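Asks: Pasted the sequence and its predicted model underneath.
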Amino acid sequence: MRMASGDDTDFHEFCKEKGLTDCTVSELERNGYTTMSTFLELTAEDIKTEDFKKIPFRERRHLQRVLKEQKESVGIGLLDTTGDIWEDTDEKGDPDELRIVLLGKTGCGKSSTGNTILNKTRDSGGFLNKGGQAAVTVSSKRTSVKINGRKIRVIDTPGVYDPARKWEEVQHEIVRCLCLCTPGPHALLFVIKSNDRFTKEEDDAYYKVKAMFSNHVNKYIIIAFTRGDELLEDESTLEETLAKAKEDVEHNRKLHKSGKGDIPDLGQVVKDVDDRKVLFNNKANTADKARQVTELMRMIEEMVNNNGDQPYYKDETTQKIWEETEKELDRIMAVRHVSKAEAMQIHQDNLKAEAKKIHQNNVNAAEAMRKRQENLEAEDREFTRRVRATLAGGAGGVAAAAGGVALGVALAPAAAAVGAGAAVVGGAAYVAQKTCSVM
């Protein structure tokens, strides 16, 4: 506990202006924080201690935001210049944790962005990541870390529009990932590459994700642009990229009147989430990564605050999933006699096995379809061969018939001459017969 010092009049006015409740102010005073100078010595970690346990959770969160804003306003940074904002943590539940889900098209940099947030690599407990369009994440994974003393849980999901997987399979996996962030994610990061033109696939991916959830899901979405290092190399900015995208859309609208072209509207997607966007350079040094992550945390905190009574996303579907998950965990604990954490691991293993089974069934179905297609193509080739052979034989018969007609035409004059001779002979015989009968 601190000793009070100085005049507390300005501090009381400050608390009132910032909307701190009487309960919060009372607890601050009880712990000796009664002036602006002593208030600025308070830390986010102090607020989480037993000394402030009487302050309701939401009010403590608000107090942390006020403290952060005030320190920044007077030049007291909360971020160490070395970027040392991370510390390891366990996977146990924490009522004060922030839960983040990464979503986006295959190859957009979800896993790399997750590793930047966690300050980890694929070899140090982070997510698997690999450049290019090949999918590396095939099932949802979660990893946790503490950032500025706050536990952050990050869930990586398979890419939307993975050419090797059916949409139904990806959809099942994304819904399953919600079990990894019960009772719901505070933020859905939709990841897009900043150095490429916004494609129809990315546009469809965004709206497909939205369609999976309820209409109010956009209140929890932040657009995370990756490849910030390439923008830096091109001496460009994210704002310039968005301005160029807007020009493309306007140009397309002019062409569209004559039935030409169709470029998805990136600006509309950003507008749809109230302009919440961040740029990530996943190749930056530790200090720069820390600044990026701190900005993201600030944005998430602001979004959570704006979402008021519903700080994390939930709807009837996800609520049902979480209720069923809790029932399954209770069943596993009763049957296996294990802790809830162990039951969760068993449940996740079961879900992974189920997802693997679905994937294998889809692979088998695709293989059966491929063989069926091969058989149909073989039958088609055989049918074509037979038709050609039949047509070839028919052509020979036609040629023979034509030859016969030609021969008949050639012999017609001779036949006519024979006929004429026969007629003369017949006529002579007739005359002779009549002559004999008269006589």
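Replies: Arrived safely. The structure displayed is predicted, hence computed values, not measured ones. Numbers count the residues shown, from 1 in each chain.
Asks: from here on, contacts and neighbour counts on C-alpha atoms
Replies: Noted.
Asks: Okay, now the unreliable bits of the stretch 1-150 of the chain?
Replies: Residue ranges of the stretch 1-150 of the chain with pLDDT under 70: 1-9, 74-84, 89-93, 129-139.
Asks: For it, which segments are assigned as strands?
Replies: 86-87, 98-104, 141-147, 150-156 (DSSP state E, counting those that start in this stretch).
Asks: Leu231: which of these is closest?
Replies: strand 98-104 (19.9 Å; C-alpha to C-alpha).
Asks: helices and strands around that closest one, which ones?
Replies: helix 110-118, strand 150-156, strand 187-193, helix 200-212 (3 or more C-alpha pairs under 8 Å, 6 or more residues apart in numbering; DSSP states H and E).
Asks: ok and the second one relative to strand 187-193, angle-wise?
Replies: Orientation note: strand 150-156 sits at an angle of 50 degrees relative to strand 187-193 (axes from the mean of the first three to the mean of the last three C-alpha atoms, to 10 degrees).
Asks: and Glu382, how many residues sit next to it?
Replies: By the criterion of other C-alpha atoms under 10 Å, Glu382 has 12 neighbours.
Asks: ok, now Glu29?
Replies: For Glu29, the count of nearby residues is 18 (other C-alpha under 10 Å).
Asks: State the distance from it to Thr38.
Replies: 10 Å (C-alpha to C-alpha, to the nearest Å).
Asks: got it, and Thr121?
Replies: 39 Å.
Asks: Glu382 now?
Replies: Taken as C-alpha to C-alpha, the span from Glu382 to Thr38 is 90 Å.
Asks: ok, now Arg99?
Replies: Note on Arg99: its distance to Thr38, by C-alpha to C-alpha, is 32 Å.
Asks: Give the residue from those two that has the larger number of neighbours.
Replies: Using other C-alpha under 10 Å, the more surrounded residue of Arg99 and Thr38 is Arg99, with 23 against 17.
Asks: Would you agree that one is in contact with Leu180?
Replies: No - counting by C-alpha atoms under 8 Å, Arg99 does not reach Leu180; the two are 9.3 Å apart.
Asks: Check which residues of stretch 233-250 are buried.
Replies: 238, 241-242, 245-246, 248-249 (16 or more other C-alpha atoms under 10 Å).
Asks: any idea what sits nearest Leu98, other than its immediate chain neighbours?
Replies: Distances taken as C-alpha to C-alpha, 6 or more residues apart in numbering place Ile152 nearest to Leu98, at 4.9 Å, with adjacent residues excluded.
Asks: Can you get me the centre-to-centre distance for stretch 380-391 and its chain?
Replies: The chain centroid and the centroid of stretch 380-391 are separated by 47 Å under C-alpha atoms, centre = their mean, to the nearest Å.
Asks: whoops, I mixed them up, stretch 62-73
Replies: Per C-alpha atoms, centre = their mean, the centroid offset for stretch 62-73 relative to its chain is 34 Å.
Asks: For that stretch, buried residues please.
Replies: Buried, per 16+ other C-alpha under 10 Å, within stretch 62-73: 62-68, 70-71.
Asks: Same list, those, but as CSV with distance to Ile147 please.
Replies: Below are those laid out as CSV (distance: C-alpha to C-alpha, whole Å):
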residue, distance to Ile147
His62, 18
Leu63, 18
Gln64, 14
Arg65, 15
Val66, 18
Leu67, 16
Lys68, 14
Gln70, 19
Lys71, 18
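Asks: which stretches of the stretch 1-150 of the chain form helices?
Replies: 9-17, 22-30, 36-39, 44-47, 57-73, 110-118 (DSSP state H, counting those that start in this stretch).
Asks: what helices or strands is the last one leaning on?
Replies: The criterion is 3+ C-alpha pairs under 8 Å, 6+ apart, and the helices and strands that helix 110-118 contacts are strand 98-104, strand 141-147, strand 150-156, helix 286-306.
Asks: Look at the residue nearest to Leu98 and report its pLDDT.
Replies: pLDDT, Ile152: 92.
Asks: Distance-wise, check it relative to Leu118.
Replies: According to C-alpha to C-alpha, Ile152 and Leu118 sit 8 Å apart.
Asks: list the residues that contact both of the two?
Replies: Common neighbours of Ile152 and Leu118, using C-alpha atoms under 8 Å, 6 or more residues apart in numbering, are 144-145.
Asks: re the thing from before, need the overlap of contacts for Arg99 and Leu180.
Replies: Joint contacts of Arg99 and Leu180 (C-alpha under 8 Å, 6+ apart) are Ile155.
Asks: Next up, the contacts around the residue nearest to Leu98.
Replies: Applying C-alpha under 8 Å, 6+ apart, the residues contacting Ile152 are 97-100, 144-146.
Asks: Residue nearest the middle of this protein, spatially speaking?
Replies: Gly104 (2.6 Å; C-alpha atoms, centre = their mean).
Asks: low-scoring stretches of the stretch 201-350 of the chain, by residue?
Replies: For the stretch 201-350 of the chain, residues meeting the criterion pLDDT under 70 lie at 256-263, 317-318, 321-322, 348.
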